[in-house]
Each structure stands twice: as C-alpha cells, then as structure tokens.
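Visitor: give me a 3D structure for the following:
(2 chains)
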Number of protein chains: 2
Amino acid sequence: MARPIAERFAAAGVHLGDTVRLVHGDRVDEGVLMPRHAFSTADVAILKLKSGYNVGVRVDEETAIELVRRAEQRPRPSRPIQAQSSKPTVAILGTGGTIASYVDYRTGAVHPAASAEELAYATPEIFEIANVRAEVVYQVFSEDLTPKNWLELARRTKTAFDQGARGVVIPHGTDTLGFTAAALSFLLKDLPGPVVVVGAQRSSDRPSSDAATNLVAACRIAAEAPLAEVVVAMHAGPDDTRIAIHRGVRARKNHSSRRDAFESVNARPLGHVEGDRVVLTEPHRAPKPGSCRVANNVAHDVVLLHSYPGLDGATLERAANGRGLVVAGTGLGHLPHAALDALEALRKRGVVVVMTTQCLWGRTDLNVYSTGRDLLRAGVVPADDMLPETAFAKLCWALGNATDRDQAIEWFTKDQAGELSQRTLLLEAPPLE
Amino acid sequence: MARPIAERFAAAGVHLGDTVRLVHGDRVDEGVLMPRHAFSTADVAILKLKSGYNVGVRVDEETAIELVRRAEQRPRPSRPIQAQSSKPTVAILGTGGTIASYVDYRTGAVHPAASAEELAYATPEIFEIANVRAEVVYQVFSEDLTPKNWLELARRTKTAFDQGARGVVIPHGTDTLGFTAAALSFLLKDLPGPVVVVGAQRSSDRPSSDAATNLVAACRIAAEAPLAEVVVAMHAGPDDTRIAIHRGVRARKNHSSRRDAFESVNARPLGHVEGDRVVLTEPHRAPKPGSCRVANNVAHDVVLLHSYPGLDGATLERAANGRGLVVAGTGLGHLPHAALDALEALRKRGVVVVMTTQCLWGRTDLNVYSTGRDLLRAGVVPADDMLPETAFAKLCWALGNATDRDQAIEWFTKDQAGELSQRTLLLEAPPLE
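Guide: Now for the predicted structure:
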C-alpha cells in the first residue's frame, strides 16, 4: 500500500483484512480492507463490500477511518506436512488469478498467495491426495501473461517432472487460461504425466467459490490419472459434483462468470472427476517414463484478428505487423474481398497467415466458396477445427521454433496435441453432440 | 464467364447447368458446370461434384471438354401469381448468400438469383402465405457487405413498409447475418411490422438444404407475427421441424456448417415457427401503425479487436485508426496492462473505446478486478451483455448519427433494441438456461 494511505490506516489501527468504515461527507463505505494491487492509484483504498464486490474508495485528508471489526486470526499449519513415500508427488506452479487469491478467506480478505506454503495450505485436502511441492512462479492477472511466460512455465513444468513429480498443477487466472493450456500443449512434448491447468471463477471468500473443488480435482488428476497431456480442470456444470477434464487445446472460456464457463469446443471432454474418482472416457495419451522435451523458443509477434464487416486491406495490413497473423474469419473462414490485396502484401513480407472461424464451433473450409479459394491462392493456411486461441498459441510455437516459414506451416497444419480432429465431410457431417 | 473458357464451352455445346467431363492428361473432373463468380480467375471453370463440393478446374488449350448430360429444363411460372387482397403483403429484399443461390436446383447448378422473380418463384410455397414483392438489392457474399450496405438495406426496408408491406424478409448470407440483423435493429426505429433476416447453411441442391424451410418460415413471420422487431429466422435444431425466431441483436452464428448454427446469446429466442404456426414466447415489441424512421448515417471506421496474450499498446493503437474501437476483452472485459497507455492515446484522439467479452456468454464487469477499474479510468465504455458483433453495429450507428462523442456514448450505453438485459448481480446470478 502506498505511503499516505498506509500511514493513515496504520494510525487508525487498521490492518489488511479488518472491516473498516470510510466516511467522507455524506458518503459512507464499509467493507474489508483489501491489499492494493500494483496497478491501483496511490490514493485509493480497495474495500470488499458485504455484497462480495470490491470497490475502490478515494481516501484523502478529509476521510474519516473507523475500525469496525478486526480480522479474525486463525492458526495455520506451521510445519510442512510430512511427505509419505506411498503417495505420488504433485508439483503446484502458481501463476496468480482468482484461484490463487483464496489464502485469507477466513478473514474475508482476498489477496494473492505470497508464498508457496500459503498457496498449498489454503486447501489442506490436497495433502491427503499427494505429497505437494508448491512454488509461486508468477503473481499476475492472467491477461498480463505473454507467450514468454508460457515458455518459462513449460520449463518449470519439465523441471518439476525431472525432480520426481508424477503430475503438475498450474493454478491460473481464467481470462487467458485456455491460451496457456493450448500453448503448453505445443511447447511440451513426450510428457511423463498430466499437466493440469486449473482456475476458479469465484474467489474463496464467496459461498459459491469453485477454487477448492477445482484445485482438489486438479491434484487428483495430477496424482492419479493415467494421462500424459495438458488438460484443463474446471466445473462441468453449475453444481460442485463434477469437474470436467478438457484437453488443453480444446478448452475455451465461454462465459464471463459461470463456474462451468469452460467447454471443450469441437471435442468431448476427456473425462471427469466425480468425488474421488477420475473417469477418462475419451482416447488420450498414456504416461511414458522419461524426461519431456521443451521447445527452445516462442514467437511473440503473432497477431490475432477477427474479421468484421468493412474490414479493409489497409486495416488488416496495419494490424499484422509480426511474423504471424491468425484470422478468425466469418463462416467457413472468410474475409472481405477488400482485404485480399493486403494478404498478398503480407505474403511478400513473409507473414504466415492462418485462417480459423469466428463461429468457434465447426471448421474452416476454404474449398466451398470462391472467397475461400481466393484465400488459398493468397497463401492463407486453413486451421480446420482449431479454435482461434489454439491456432494463435500453435503459431507462436511453430514460428518460434521452425527453421523457416515453410517448416512453420508444415508443423502448423499437422496435428500435434489433439487440436485437429479427423476431417469429416463438412456439410453432411452428423450433428456434434 | 470470361471469354476464352466461355467460348470453349460454347463450342463444345455445353451450357451452365450441364454435366460436363474435363480431361487434362491423367486428370478427369466431372460435375455440373457452375456460373463463375466475379472473383474467380479467367481460366478456371467451377464444377459442382457429385459429392456436392465445388471445385475450380483450370481449363487450357489441352483440356478436352465432353458433354455428359444436358441440364434438365423445367418450366417456371411465366406470369406473376395474382395478388389476393385477403393476404398480407411481404416484401423480399435479396442480398445474396446461400439462401439466394437456389434457383437452378432442379438442374443441379447453384447460382445467385438474377432477378426478383427467380428469387421468389424458387420457393412457390411462400405465395400461399402472402402476396410477395421481391427485389434483389445486392448479389454478394455476405462477408463483402459493409456498414454502408446496412444503411441502404434499412432505407429499402422503410420504403417497403411505406408501400404497404406488412413485413419484410431479407435473405442474407450467413457469414455476417448476425452483424446485419443487429445493425438494422439500430438503424430502424418505430417499425410497423417484422423485419426477418434469413439465411441458409446448405444450398438448395443438397438433400439437407434449409433454404426453403427457412424462407417459408421467414415469410410466415413477416406475414403473421404480431411483432415489430428485426429478427433472425434459422433452424432451431438439427431437424426441419422448428425454426427459431432470434432477436436480431442477440443472434450469433456459432457453428460454421450446422443448420442450427445460429443461437440467441444471453437471451432466449423470441419464439419459434412450428409447421404453419408462429409461437412467440418472450416479451417483444408489438406492431404499431405509421411509418418507421431510418438513421441518417452510419460510421464505417469502427474497428473490432479481440484481446490476446501479448497484445501491446503499439499494436492496439495501430489497429484502432477510426472513430470507434470495439474490444472483445478476456473474461469480464480485460486487456493486458501493456495496452493501457494506448487507450489514453486513443482517448486523446477522440476514439470511443467500448469493451465486450470474448467469452460471448455473460457480461462485462469492470468493477470486479483492478484491471477493469483501470480501463474505466481510461474512459473505456463497458458493453454489458452485448455481443461483440452487436456492439460493433451499435457503435457504427451511434457514431454515425450522434452530434458528438458524448452523445454517441450515451446512446451506446442505453438499451435501444433489447440488446442489453436488466443488470443482475454478476457473481451470484442463477445459471442461464
């Protein structure tokens, strides 16, 4: 907390987690004093209201600060729980997000876990499942994670496996969780066990929180599932009884707030966690012994652009200033003809342009309409039934590691991690479930 | 068809719609000769294969052309069907797309309707429902329609109502159908009857075509529904029994090929057409007599941009070169902090920046996390539960007609056509159906 506010609260005997009343003229705000985020401005205090919402309240010299109720202090386990050789080891690599923000839920103050111990001990149930090694790799909102962070996470994952983990759990903000899960699917090869990216839609201070159920399920998958893929563990439905196991390259956040926001798109979930059972119902890669491989690099100049009416070549060309462009086209994968000349210019600059569909469900097909054939002639690479987000992560991986443009395209068009399903006849395909 | 190919086919006695065999060395292609699209190259013939796919086949001097089977000629009604005063009048304003490409389905040759008569007579059932006045306004793939075309369509719609139509049907390519339906919802006010935007996912030469069922249902809605809104009529499920009536501002194409690709997002459909019955189950605007109003203008410099990991300020600023920017942010409506400085620069340039969620379902909430509050401070306007596509159309309307930036924002944040639902508590809201 910046000096002026911090000093004023300290003088009033108020600490983080305490319930406080701020009075400024007619305005009264009461709530739990929250830690300030790095991006907050210096003169604003963050209060968690009774409703569960956080508000920012400007505090100046005329603001009266009243302590309403001191935060209840609960004892925490003071020593690491003893490792038991009969249990598998699960490594937890924290990155931030709502799921990592549950440490002080007893006090009502939601803030990021500052240490690995906090992260792990907030959900003690996981120690019944596995020996847990936790570390905080990042402490950021997931919208601030970049492709470079993906690479570091992949490296840490390999290290965790090399140090004896059976599985790796990555708590992650849900905003870009699907992107990261897809990216790790491409950056890691020959996994010896499960990598489970897990989030929470509601923080632990809420009655409806999914943080603990999701984390426990993720640890169970990491400790027990005969699976060697990057998966996403999130609520399968509105209640707490089933956690879905989505393949990382197929998972998408399709609701801004529901606990079952994540869905497998163009695929079924690989399985579910129901109570203490992990049930896998779709074909999946089995673990194999040995060390996994990590990609050397990742491109961080790929651009994602959704088509819209009136998109013209100049706008497209201006936006696509890196080595790669992922277009989320309309329908089967189309762009306005007004944008086609730009594609020619991009090709001359060596930009790899791939085409996905903004419909999300279904697949691109550039052979049905002449627009699609024009795109193929302009060198556009169809992404079939890959999600735009997955195509983005895949192109970052391919361009970061291939020796040239042609090899990147070759890698991109080949199934790497279950992101491309066998091609079926487009128009007469049976309805997806 | 460009000269050289056209002459060669003519010399071989082959006409459009005939089944033809093209032999070039070892390669043999057989199919129905299709009309060439304006964007095809001059030396390519388009064949519709037995599989239903179209292919482009290069034809040069060494290509042998063999007539396999002449297209069957069927008589068409030669005189307009007499108007009956007992029936309401429905105006059909054709724009192109798969639904308008069914005229020659008896011959197997799918091509755009060249005249209003072709358009209407291809589905004679509609004359039992209404007196039909048809005209072809555009004949383009829907990805090539621009905001200017929306305005012209709105004007034609008003004219049709003024000339006595009870309802207006707009056959449209499905790629950008949702955008157009949303745009018309804002460009037209005080409608006296239904405006039904209708498409087809499969052309009439396919056994699974939805062209006729959708058009008949659309005409029924236009002729009979006690409804004065812009709606979308498309298959409600995989079979032909129910056609959904989506509110135009809520309809989105969520599958690239399924017949029931369109869904109402964050709302229920207004109703359905089942057989010859129109059933409205949700609150809707009733027709009122009088002439409707049409907006004077539409902005065509609004940009739509979906956020992704690594998006930085420079890319954002480069992309947003018009008066408006619609961001489809992650989660509750977030952008990377690395992009925030650009927002400040955009605000100084007078650009209106609105925030939607790329989750599509759910709503933005910029008050939950500090990222959101930073966006609010940067002047970003939250779009609540509007689809990104709807927000795009709405901003084109608002910026095109408001006297200044502030008025545009005021119009944008107010519900105009059912695109904003009553605000419910975000995190504890009951699950949507």
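Visitor: elements contacting the longest helix anywhere in chain A?
Guide: When chain A is scanned for its longest helix (criterion: DSSP state H), the result is helix A:147-162. Counting contacts by 3 or more CB pairs under 8 Å, 6 or more residues apart in numbering or on different chains; DSSP states H and E, helix A:147-162 packs against strand A:89-94, strand A:167-171, helix A:177-187, strand A:188-189, strand A:293-294, helix A:388-401. (C-beta placed from N, C-alpha, C; glycine too.)
Visitor: just give me the residue closest to the centre of chain A.
Guide: A:L177 (1.1 Å; CA atoms, centre = their mean).
Visitor: residue contacts, that one?
Guide: The contact partners of A:L177, by CB atoms under 8 Å, 6 or more residues apart in numbering or on different chains, come to A:97, A:142, A:197, A:199, A:232, A:251, A:253, A:262.
Visitor: right, and the helix or strand after the least confident helix or strand in chain A by mean pLDDT?
Guide: Of all helical and strand segments in chain A, the minimum by mean pLDDT, DSSP states H and E falls on helix A:116-121, at a mean of 68. With elements assigned by DSSP states H and E, the helix or strand that comes after helix A:116-121 is helix A:126-129.
Visitor: tell me the mean pLDDT for that following helix?
Guide: Mean pLDDT, helix A:126-129: 91.
Visitor: helices or strands next to it in the packing?
Guide: By 3+ CB pairs under 8 Å, 6+ apart, helix A:126-129 packs against helix A:211-224.
Visitor: what residues does the stretch 101-250 of chain A have near chain B?
Guide: A:141-147, A:149-150, A:173-176, A:179-180, A:202, A:206, A:208, A:238 (CB under 8 Å from any CB of the partner chain).
Visitor: go again using 7 Å as the cut-off
Guide: A:141, A:143-147, A:174-176, A:179, A:202, A:206, A:208, A:238 (CB under 7 Å from any CB of the partner chain).
Visitor: sec struct for the nearest residue in space to A:Q358 that is not next to it in sequence, please.
Guide: Of all residues not flanking A:Q358 in the chain, A:A328 sits nearest, at 4.0 Å (CB to CB, 6 or more residues apart in numbering or on different chains). Taken by DSSP: H, G, I helix; E, B strand; the rest coil, the conformation at A:A328 corresponds to strand.
Visitor: who's in contact with A:A328?
Guide: Residues near A:A328 by CB atoms under 7 Å, 6 or more residues apart in numbering or on different chains: A:306-307, A:356-358, A:388.
Visitor: near chain B, which residues of the stretch 301-433 of chain A?
Guide: Residues of the stretch 301-433 of chain A lying close to chain B (CB under 7 Å from any CB) are A:303-304, A:306, A:308-310, A:315, A:318-319, A:321, A:330-332, A:334-337, A:357, A:359-364, A:367-371, A:373-374, A:392, A:426-428, A:431.
Visitor: weed out the non-buried ones from those.
Guide: Among these, those classed as buried by 16 or more other CB atoms under 10 Å in any protein chain shown are A:303-304, A:306, A:308-310, A:315, A:318-319, A:321, A:330-332, A:334-337, A:357, A:359-364, A:368-371, A:373-374, A:392, A:426-427.
Visitor: could you count how many residues lie near A:G13?
Guide: Using other CB atoms under 10 Å in any protein chain shown, A:G13 has 10 other residues around it.
Visitor: which ones are touching it?
Guide: Listed by CB under 7 Å, 6+ apart, the contact set of A:G13 reads A:L67.
Visitor: any idea how far it lies from A:R70?
Guide: 9 Å (CB to CB, to the nearest Å).
Visitor: what number of residues are in the vicinity of A:G379?
Guide: A:G379, neighbours per other CB under 10 Å, totals 16.
Visitor: please give the element, helix or strand, for it.
Guide: Taking DSSP H and E as the definition, one finds A:G379 inside no helix or strand.
Visitor: host element of the closest residue to it other than its chain neighbours?
Guide: The shortest distance from A:G379 to any non-neighbouring residue, by CB to CB, 6+ apart, is to A:R347 (4.6 Å). Following DSSP H and E, one finds A:R347 within helix A:340-348.
Visitor: that helix: how far from the chain's middle?
Guide: From the chain centre to the centre of helix A:340-348 is a distance of 33 Å (CA atoms, centre = their mean, to the nearest Å).
Visitor: now do the residue nearest to A:Q358, the pLDDT please.
Guide: On the pLDDT scale, A:A328 is placed at 98.
Visitor: near chain B at all, stretch A:266-274?
Guide: No. Counting by CB under 7 Å from any CB, chain B has no neighbours in stretch A:266-274; the shortest distance is 9.6 Å.
Visitor: who's in contact with that stretch?
Guide: Contacts of stretch A:266-274 (CB under 7 Å, 6+ apart): A:217, A:220-221, A:231, A:233, A:236, A:241-247, A:250, A:278-282, A:284, A:361, A:385, A:421, A:433.
Visitor: and for A:T180, the neighbour number?
Guide: Count around A:T180 with other CB under 10 Å applied: 30.
Visitor: surely it and A:L151 touch.
Guide: No. Taking contacts as CB atoms under 7 Å, A:T180 lies outside contact range of A:L151: 11.0 Å.
Visitor: where do the contact lists of these two overlap?
Guide: Residues touching both A:T180 and A:L151 (CB under 7 Å, 6+ apart): there are none.
Visitor: in strands, which of the contacts of A:A328 fall?
Guide: Using DSSP state E, the subset of the contacts of A:A328 located in strands is A:306, A:356-357.
Visitor: I'd like those residues as CSV, with pLDDT appended.
Guide: Output for those, formatted as CSV (pLDDT from 0 to 100):
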residue, pLDDT
A:H306, 98
A:T356, 98
A:T357, 98
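Visitor: between helix A:340-348 and the strand or helix carrying A:A408, find me the angle.
Guide: Per DSSP H and E, A:A408 falls inside helix A:405-413. Calculated by axes from the mean of the first three to the mean of the last three CA atoms, to 10 degrees, helix A:405-413 forms an angle of 120 degrees with helix A:340-348.
Visitor: state the distance from A:R247 to chain B.
Guide: To chain B, A:R247 is 19 Å away according to CB to the nearest CB, to the nearest Å.
Visitor: same check on A:V136?
Guide: In terms of CB to the nearest CB, A:V136 sits 19 Å off from chain B.
Visitor: OK, contacts around the residue of the stretch 51-200 of chain A found nearest chain B?
Guide: Closest to chain B within the stretch 51-200 of chain A is A:D175: 3.7 Å, counting by CB to the nearest CB. Listed by CB under 7 Å, 6+ apart, the contact partners of A:D175 are A:141-143, B:330-331, B:334.
Visitor: can you check A:R323 too?
Guide: A:299, A:301-302, A:351-352, A:399.
Visitor: how about A:T364?
Guide: So A:T364 contacts A:332-333, A:355-357, A:382-384, B:256 (CB under 7 Å, 6+ apart).
Visitor: for A:A417, same thing?
Guide: Counting by CB under 7 Å, 6+ apart, A:A417 makes contact with A:185-186, A:249.
Visitor: pLDDT weak spots in the stretch 1-150 of chain A?
Guide: Across the stretch 1-150 of chain A, residues meeting the criterion (pLDDT under 70) sit at A:1-4, A:35-42, A:51-54, A:72-83, A:100-117, A:119, A:121.
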